[in-house]
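Novice: Structure, please.
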Amino acid sequence: MRLFVVLIGLVLASPLAAAERMVAPGTGSLAAAIAGAAPGDVLTLSDGAYLGPVTIDRSLAIAGPRGAVVDGEGLGSVMTITASDVRLTGFTVTGSGRVNENLDAGVKIEKGADRARIEKLHVTGNMHGIDVHGGRDAVVAGNEITGLDSPRMNERGNGIYVWNSPGTLLENNVIRFGRDGIFSNASSNSIYRGNVMRDLRFAVHFMYTRNTEVSGNISIGNHLGFAIMFSNQAKILNNMSLGDREHGLMLNYANNADVTGNLVRGGTKKCFFIYNAHKNLIWDNRFEGCGIGIHFTAGSEKNVLTGNAFIANREQVKYVGTRNMEWSHEGRGNFWSDHPAFDLNGDGIADSFYRPNDLMDQILWSQPAASLLIGSPAVQLVRWSQRDFPATLPGGVRDSAPLMHPLTIAVPPEILGYEAEAAGRWATGNYDDTDPDNLSAH
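Specialist: Here you go, the predicted structure:
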């Protein structure tokens with residue numbers, strides 16, 4: 001008898017079998033199908049237009065081919081998810097409103113809509129592409145997101161916006177146009193990996209984000225690659241910045257980050273910019289062909305730099321300060337392509353230390369007009385005295401154990417074409433619309 005009661009209870013507690021419902025194109029047809037569906041149902045779309053914004057207020061799966069187009073007709077967000085365990089797969093989402101202040105988006109995941117899965121959608125022609133706005137443990141994977149290409153970049157929306165949404169996974173998305181590829185604000189404990197981002201302001205932009213991994217992403221032809229700002233415990237691993245304009249990597253008020261395995265190359269003004277950032281581990285990265293290899297400023301302290309390669313940068317290091325900075329760790333420094341060194345014992349460590357800057361460099365940075373005197377006897381005398389009498393040197397960067405050989409980081413063959421397309425784009429034209437050094441523009 002007891003077993004019978006238990007079995008009856010299990011049957012009553014179990015949901016009815018999920019139904020698959022075909023939804024025909026038309027105005028309001030998708031909204032009506034959602035209203036008539038039971039939790040767990042699968043709504044299948046076909047080629048054609050599904051007009052009107054929709055709200056998904058129950059746990060459903062909606063799937064369809066690329067030719068099935070959900071169109072918001074310019075009214076707010078196209079698809080707003082308010083229930084947990086919703087899955088969207090395969091179709092096209094377009095036609096959001098254009099009100100940036102309202103975060104109009106192709107897909108919006110609201111607070112309480114946990115465990116949403118947004119996969120293989122074509123999201124195009126929206127203010128923001130996908131807005132993860134409070135929902136926990138969302139998965140946004142394999143989507144193609146094409147943002148607005150309007151003249152003023154700062155007035156566009158982001159490809160993916162993550163706000164206060166712990167546990168988010170952003171993986172293998174392709175994002176082009178818009179403002180920032182991924183903008184993560186006040187969020188935590190997430191992973192953003194394998195995304196390709198082109199023709200944007202920032203590829204990845206952190207504000208007040210903590211304990212989040214950014215790995216295996218590729219930034220091509222953007223104004224700035226990876227901007228980690230006012231954030232803590234970020235892992236910036238194995239990313240690429242190819243042909244970006246201002247900075248490949250930036251740590252601004254960012255602490256306790258692990259930055260390793262990254263490649264920056266292609267004419268960027270600054271491969272790596274560190275501003276008031278502390279206790280960061282920066283190791284085994286390759287910075288190549290930039291105006292400045294690394295710009296280190298604003299009292300950044302207790303950072304470890306080791307195993308990095310600085311190759312053919314016009315200026316390897318820009319550091320203005322009076323403190324002595326040692327850029328080697330446990331007997332292992334960095335590779336410097338302009339260091340004419342020997343290694344008589346063959347241990348891979350140069351026999352002489354490397355010092356990238358002297359007093360005249362610091363004068364030229366703070367007083368550019370002094371460059372008119374660069375060839376004067378007085379300047380040559382100062383540099384001779386610093387070379388032969390090291391005690392006259394000011395504080396600055398010193399690498400006591402430079403490496404003899406650089407690490408190599410290969411670019412995937414399918415990305416080389418995109419890199420070639422972006423090459424040289426910043427040599428001409430007017431790009432004053434966006435200023436990555438204006439840190440108030442978020």
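
Novice: Just the buried positions in stretch 87-104, please.
Specialist: Within stretch 87-104, the residues that qualify as buried are 87-97, 103-104, counting by 16 or more other C-beta atoms under 10 Å. For the C-beta atoms, the positions are set from N, CA and C on the backbone; glycine is no exception.

Novice: Pull the contacting residues for the residue lying closest to Ile409 once chain neighbours are set aside.
Specialist: The shortest distance from Ile409 to any residue that is not its chain neighbour, by C-beta to C-beta, 6 or more residues apart in numbering, is 4.2 Å, and that residue is Leu263. Counting by C-beta atoms under 8 Å, 6 or more residues apart in numbering, Leu263 makes contact with Asn239, Met240, Ser241, Leu242, Asn285, Arg286, Glu288, Ile409, Val411.

Novice: what's the neighbour count on the first one?
Specialist: Think Asn239. Here the count is done by other C-beta atoms under 10 Å, and Asn239 has 27 residues near it.

Novice: Assumed Ile62 was part of a strand.
Specialist: Yes: under DSSP: H, G, I helix; E, B strand; the rest coil, Ile62 falls within a strand.

Novice: Just give me the neighbour total for it.
Specialist: Burial of Ile62 is recorded as 26 neighbouring residues (other C-beta under 10 Å).

Novice: can I assume it is in contact with Tyr50?
Specialist: No: under the criterion of C-beta atoms under 8 Å, Ile62 is not in contact with Tyr50, lying 9.7 Å apart.

Novice: Now for the two: what residues contact both?
Specialist: Taking C-beta under 8 Å, 6+ apart as the contact rule, Ile62 and Tyr50 both touch Leu30.

Novice: from the contacts of Leu263, which ones fall inside strands?
Specialist: Met240, Ser241, Leu242, Arg286, Glu288 (DSSP state E).

Novice: and after the worst-scoring helix or strand of the chain on mean pLDDT, which helix or strand comes next?
Specialist: Across the helices and strands of the chain, the lowest-confidence element by mean pLDDT, DSSP states H and E is helix 2-13, at a mean of 42. The helix or strand immediately downstream of helix 2-13 is strand 20-23, counting by DSSP states H and E.

Novice: give the contact list for the nearest residue to Glu171 once chain neighbours are set aside.
Specialist: Of all residues beyond its chain neighbours, the one nearest Glu171 is Ala141 (4.4 Å), with distances taken as C-beta to C-beta, 6+ apart. Ala141 makes contacts with Arg117, Ile118, Glu119, Lys120, Leu169, Leu170, Glu171, Asn172, Asn173, as judged by C-beta under 8 Å, 6+ apart.

Novice: Report the buried members of those residues.
Specialist: Arg117, Ile118, Glu119, Lys120, Leu170, Glu171, Asn172, Asn173.

Novice: could those be laid out in TSV, adding pLDDT?
Specialist: TSV is the format used below for those (pLDDT from 0 to 100):
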residue	pLDDT
Arg117	98
Ile118	98
Glu119	98
Lys120	98
Leu170	98
Glu171	98
Asn172	98
Asn173	98
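
Novice: possible to save the residues you listed as TSV with distance to His405 and secondary structure?
Specialist: Output for the buried ones among the contacts of Ala141, formatted as TSV (distance: C-beta to C-beta, whole Å; DSSP: H, G, I helix; E, B strand; the rest coil):
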residue	distance to His405	secondary structure
Arg117	45	strand
Ile118	44	strand
Glu119	43	strand
Lys120	42	coil
Leu170	35	strand
Glu171	34	strand
Asn172	33	coil
Asn173	36	coil
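
Novice: For the chain, give me the ranges with low pLDDT.
Specialist: Along the chain, the parts satisfying pLDDT under 70 run over 1-17, 298, 321, 358-395, 429-442.

Novice: ok, the residue nearest to the spatial centre of it to Asn173 distance?
Specialist: The residue lying closest to the centre of the chain (C-alpha atoms, centre = their mean) is Val204, at 2.1 Å. Summarising the geometry, the distance separating Val204 from Asn173, computed by C-beta to C-beta, to the nearest Å, is 12 Å.

Novice: that older thread, name the nearest of the ones in strands among the contacts of Leu263 relative to Ala234.
Specialist: Using C-beta to C-beta, Ser241 comes nearest to Ala234 of those, at 15.5 Å.

Novice: Run through the bridge partners of the closest one.
Specialist: Following DSSP bridges, Ser241 is listed with bridge partners Ser219, Val264.

Novice: Wait, it touches Thr268, no?
Specialist: Yes: checked against C-beta under 8 Å, the pair Ser241 and Thr268 is within contact range at 6.7 Å.

Novice: hey, what's in contact with both of these two?
Specialist: By the contact definition C-beta under 8 Å, 6+ apart, Ser241 and Thr268 are jointly contacted by Gly225, Gly248.

Novice: now stretch 337-356: how far from the chain's centre is it?
Specialist: Relative to the chain's own centre, stretch 337-356 is displaced by 34 Å; criterion: C-alpha atoms, centre = their mean, to the nearest Å.

Novice: got the contact list for Asp47?
Specialist: Pro25, Pro65, Gly67, Ala68.

Novice: Filter those down to the ones in strands?
Specialist: Among those, the ones falling in strands (DSSP E) are Ala68.

Novice: Now, of the contacts of Asp47, which are buried?
Specialist: Judged by 16+ other C-beta under 10 Å, buried ones among the contacts of Asp47: Pro25, Ala68.

Novice: And the contacts of Asp47, which two are furthest apart?
Specialist: Spatial extent of the contacts of Asp47 (C-beta to C-beta) is set by the pair Pro25 and Pro65 at 11.8 Å.

Novice: which residues are in contact with both of these two?
Specialist: Leu45, Ser46, Asp47.

Novice: Can I get those residues in JSON lines including secondary structure and distance to Ala35?
Specialist: Formatted as JSON lines, the entries for the shared contacts of Pro25 and Pro65 read as follows, by DSSP: H, G, I helix; E, B strand; the rest coil; distance: C-beta to C-beta, whole Å:
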{"residue": "Leu45", "secondary structure": "strand", "distance to Ala35": "16"}
{"residue": "Ser46", "secondary structure": "coil", "distance to Ala35": "19"}
{"residue": "Asp47", "secondary structure": "coil", "distance to Ala35": "23"}
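
Novice: Just name the closest of those to Leu224, please.
Specialist: Relative to Leu224, and with distances defined as C-beta to C-beta, the nearest of the shared contacts of Pro25 and Pro65 is Leu45, at 37.7 Å.

Novice: Next up, the contacts around that closest one.
Specialist: Neighbouring residues of Leu45 by C-beta under 8 Å, 6+ apart: Val23, Pro25, Leu30, Ile62, Ala63, Gly64, Pro65, Ala68, Val70, Phe91.

Novice: need the contact list for the fourth one.
Specialist: By C-beta under 8 Å, 6+ apart, the contact set of Ile62 is Leu30, Val42, Leu43, Leu45, Ile56, Val86, Arg87, Leu88, Thr89, Phe91.
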